[in-house]
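**Student:** Here is a sequence with its predicted model. Questions after.
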Amino acid sequence: MKRVVNVVISVVWCLTIFPAFVGAAADETVALSREEAGDTNADAKDDTKQELYELKKEVADLREEVDELKKDKADEKKTGELDVFWKDGLKIKSTDGAFDISLGLLVQNDWVFIDEDSETKKRIGDQEDGVEFRRIRFDSLGTIYERYEYKAMVEVAGGDAKLHDMCVAVRQIPVIGHVQVGHFKEPFGLDYMIPCKYDTFMEKSLPSVLAPGRNVGAQVGDCYVEDRITWALGVFRETDDYGRGTREGGMNATGRLTCLPLYGEEGRRLVHLGMGASYRDPDSVSYSQRPECHLVDKYVKTSVSDVDREFLVGPETAAVLGPLSLQSELFAARCDVSDKGNADFWGWYAQAGYFLTGENKAYNKKSAFFVRTKPKKNFLDEDGIGAWEVAARYAYLDLSDEEVKSGGEMQDVTLGLNWHLNPNIVVSWNYIRAHLEDIGDTDIFAMRLQVEF
């Protein structure tokens, strides 16, 4: 019986007490597992935070290195790289803008047909038809260290090489403005100051022969009121075509003042007014001029010796009204002759031009003269026909005076047609009717092909 009781007690314990004990043990095990898992998760979170911090630090370091490399590359590019490109000519420019160089070439090929009357032929000689390369010119100009400029130009004409512009300039000097030194044009007149490659007609006007020309000297000048007022004043020494002058004395002072009382629509409407003046110290003065065609002989000539001093004045005016342009100047020279009084020479011209295709004369405000024409559409680009301009000019020159042995008066009427195929190629046709006073007339038909950049 006792044995049976023990068996029953054992069974009851197994069914009640042991499961409770096992459950408690299991709960304790689960709790311990959860506690261990929590500790593990906390450790994992701490490790992740540390890894993220280290990654962020590495990214920041990498970004700093990249920024440093970019800066080094930019500095290297600023100081070491040059851009070579085409913009109406070959340009070389540093990426930081400190250096800007242009290389240029001008070629003008002329064809001329001449018909003179018998009286003119007796006086001047037989003028023959012909062809020539009027000019072949090489030039380079540019900016160095932003404020320093240079210009070098050599021209081959008539089989001879001539020194044209060879000068350096410093810009934006406080108070003074700009300073230029070398061999260049004295600042006088509008027609003469316009570069020949931008002229409306194939040759300069008759009275422009009275302009001073190119000499060696130093010049100061500046621009005001948004470049609508310009002035230039220089001291020059008379030199030859190679910049050489050996005569004692011979110093000249020349200046030019211009203004734009009207300027609008980016230059499509403007009025230009100007005045040039020059005081000169020559021993003698001589002038000679041909009709407005280079292949024709000189028709009027004069010379004066024993000159104490010479004065030149030249008022100038021009206007642009859309496709219409107007331009006129007067040139006057007075020579003080020792013990003989004065010898006076003068001339004037007036001209008009009109763009049939709607363009307008382009004007450079800082230089105060007309520059390159750019067609709205180049020839053959999108069915473009280029820019077409018609023009007419009357010019008069009087080189006669009581104090001179020779001289003469001449008048020219010139009609022109210009075809700008693009900004760099121009074909021109000129008809010139030249009248030599008291002698006779000459009819000239000229054609030019010009390529320049």
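**Tutor:** Good, I have the coordinates.
**Student:** Going by C-alpha atoms from here, please, whenever you check contacts or count neighbours.
**Tutor:** OK.
**Student:** distance between the ends of stretch 91-107?
**Tutor:** Taking C-alpha to C-alpha, to the nearest Å, stretch 91-107 runs 19 Å from one end to the other.
**Student:** Give me the buried stretch members for it, please.
**Tutor:** Within stretch 91-107, the residues that count as buried by 16 or more other C-alpha atoms under 10 Å are 91-96, 99-102, 104-107.
**Student:** ok, now stretch 354-366?
**Tutor:** Under the neighbour-count criterion of 16+ other C-alpha under 10 Å, stretch 354-366 has 354-355, 359-363, 365 buried.
**Student:** count of neighbours near Trp419?
**Tutor:** Using other C-alpha atoms under 10 Å, the number of residues around Trp419 comes to 20.
**Student:** Could you check how far it is from Ser325?
**Tutor:** From Trp419 to Ser325 the distance is 16 Å (C-alpha to C-alpha).
**Student:** And the buried residues of stretch 354-366, which is closest to Leu260?
**Tutor:** Lys365 (8.5 Å; C-alpha to C-alpha).
**Student:** Could I get the contacting residues of Pro207?
**Tutor:** When contacts are counted by C-alpha atoms under 8 Å, 6 or more residues apart in numbering, Pro207 touches 330-331, 346-349, 395-397.
**Student:** can I get the residues you listed in CSV with pLDDT and secondary structure?
**Tutor:** What follows is these, written out as CSV (pLDDT from 0 to 100; DSSP: H, G, I helix; E, B strand; the rest coil):
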residue, pLDDT, secondary structure
Leu330, 98, strand
Phe331, 97, strand
Trp346, 96, strand
Gly347, 97, strand
Trp348, 98, strand
Tyr349, 98, strand
Ala395, 98, strand
Tyr396, 98, strand
Leu397, 97, strand
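**Student:** can you give me the strands in the stretch 251-400 of the chain?
**Tutor:** 251-264, 269-280, 285-289, 300-304, 307-321, 324-337, 341-355, 363-364, 369-370, 387-398 (DSSP state E, counting those that start in this stretch).
**Student:** so which of the buried residues of stretch 354-366 comes closest to Glu65?
**Tutor:** Nearest member of the buried residues of stretch 354-366 to Glu65, counting by C-alpha to C-alpha, is Lys365, at 48.1 Å.
**Student:** For the longest strand that the chain contains, which helices and strands make contact with it?
**Tutor:** Longest strand in the chain by number of residues (criterion: DSSP state E): strand 99-116. Applying 3 or more C-alpha pairs under 8 Å, 6 or more residues apart in numbering; DSSP states H and E, one finds that strand 99-116 makes contact with strand 90-94, strand 130-144, strand 440-452.
**Student:** who's in contact with the closest residue to Asp401 other than its chain neighbours?
**Tutor:** Nearest residue to Asp401, sequence neighbours excluded (C-alpha to C-alpha, 6 or more residues apart in numbering): Ala343, at 6.0 Å. Contacts for Ala343 (C-alpha under 8 Å, 6+ apart) come out as 304, 334-337, 401-404.
**Student:** per-residue pLDDT, Ala343?
**Tutor:** Here, the pLDDT recorded for Ala343 equals 89.
**Student:** So what's the model's average confidence on the helix or strand containing His420?
**Tutor:** Element membership for His420, per DSSP states H and E: strand 409-422. In this model, strand 409-422 has a mean pLDDT of 97.
**Student:** Please state the offset of it from the chain centre?
**Tutor:** Relative to the centre of its chain, strand 409-422 is centred 24 Å away, using C-alpha atoms, centre = their mean, to the nearest Å.
**Student:** Could you give me the buried positions within it?
**Tutor:** Buried residues in strand 409-422 (16+ other C-alpha under 10 Å): 409-422.
**Student:** Format those residues as CSV; extra columns: distance to Phe370.
**Tutor:** Listed next are these as CSV, based on distance: C-alpha to C-alpha, whole Å:
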residue, distance to Phe370
Glu409, 29
Met410, 27
Gln411, 25
Asp412, 22
Val413, 22
Thr414, 19
Leu415, 19
Gly416, 17
Leu417, 18
Asn418, 15
Trp419, 17
His420, 15
Leu421, 19
Asn422, 17
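**Student:** nearest to Val59, of those?
**Tutor:** Asn422 (54.9 Å).
**Student:** Double-check that Ala434 belongs to a strand.
**Tutor:** Yes. Ala434: assigned to a strand according to DSSP: H, G, I helix; E, B strand; the rest coil.
**Student:** how about the nearest residue to it, chain neighbours excluded?
**Tutor:** The spatially closest residue to Ala434, leaving aside those adjacent along the chain, is Asp412, at 4.5 Å (C-alpha to C-alpha, 6+ apart).
**Student:** ok, now how distant is the one you found from Gly347?
**Tutor:** Going from Asp412 to Gly347 by C-alpha to C-alpha gives 11 Å.
**Student:** now Glu266: how far from Asn422?
**Tutor:** Distance of Glu266 to Asn422, computed by C-alpha to C-alpha: 21 Å.
**Student:** Quick check on Leu206: phi, psi?
**Tutor:** With angles defined as degrees, to the nearest 10, Leu206 sits at phi -50, psi -50.
**Student:** wouldn't it be in contact with Ala395 here?
**Tutor:** Yes. Using C-alpha atoms under 8 Å, Leu206 makes contact with Ala395 at a distance of 5.9 Å.
**Student:** Give the intersection of the neighbour lists for these two.
**Tutor:** Contact criterion C-alpha under 8 Å, 6+ apart; residues shared by Leu206 and Ala395: 347-349, 412.
**Student:** which among the contacts of Ala343 gets closest to Ile385?
**Tutor:** Distance to Ile385 across the contacts of Ala343 (C-alpha to C-alpha) is lowest for Arg334, with 47.7 Å.
**Student:** Val175 - how many residues pack around it?
**Tutor:** Using other C-alpha under 10 Å, Val175 has 7 neighbouring residues.
**Student:** Kindly state the beta-bridge partners for Gly314.
**Tutor:** Under DSSP bridges, the beta-bridge partners of Gly314 are Gly276.
**Student:** returning to what we had before: widest-spaced pair of the buried residues of strand 409-422?
**Tutor:** With C-alpha to C-alpha as the measure, no two of those lie farther apart than Glu409 and Asn422, at 38.5 Å.
**Student:** wait, what's in contact with the residue nearest to Ala434?
**Tutor:** Contacts of Asp412 (C-alpha under 8 Å, 6+ apart): 206, 291-292, 393-396, 432-435.
**Student:** again with Asp306
**Tutor:** Applying C-alpha under 8 Å, 6+ apart, one finds that Asp306 lies in contact with 283-284, 337-338.
**Student:** got the phi/psi numbers for it?
**Tutor:** The phi/psi pair for Asp306 (degrees, to the nearest 10) reads phi 50, psi 50.
**Student:** and the gap between it and Lys340?
**Tutor:** As defined by C-alpha to C-alpha, Asp306 lies at a distance of 9 Å from Lys340.
**Student:** Next: Gln351.
**Tutor:** Distance, Gln351 to Lys340, by C-alpha to C-alpha: 37 Å.
**Student:** A strand includes Ala169, no?
**Tutor:** Yes. Under three-state DSSP, Ala169 sits within a strand.
**Student:** how far away is it from Asp339?
**Tutor:** 42 Å.
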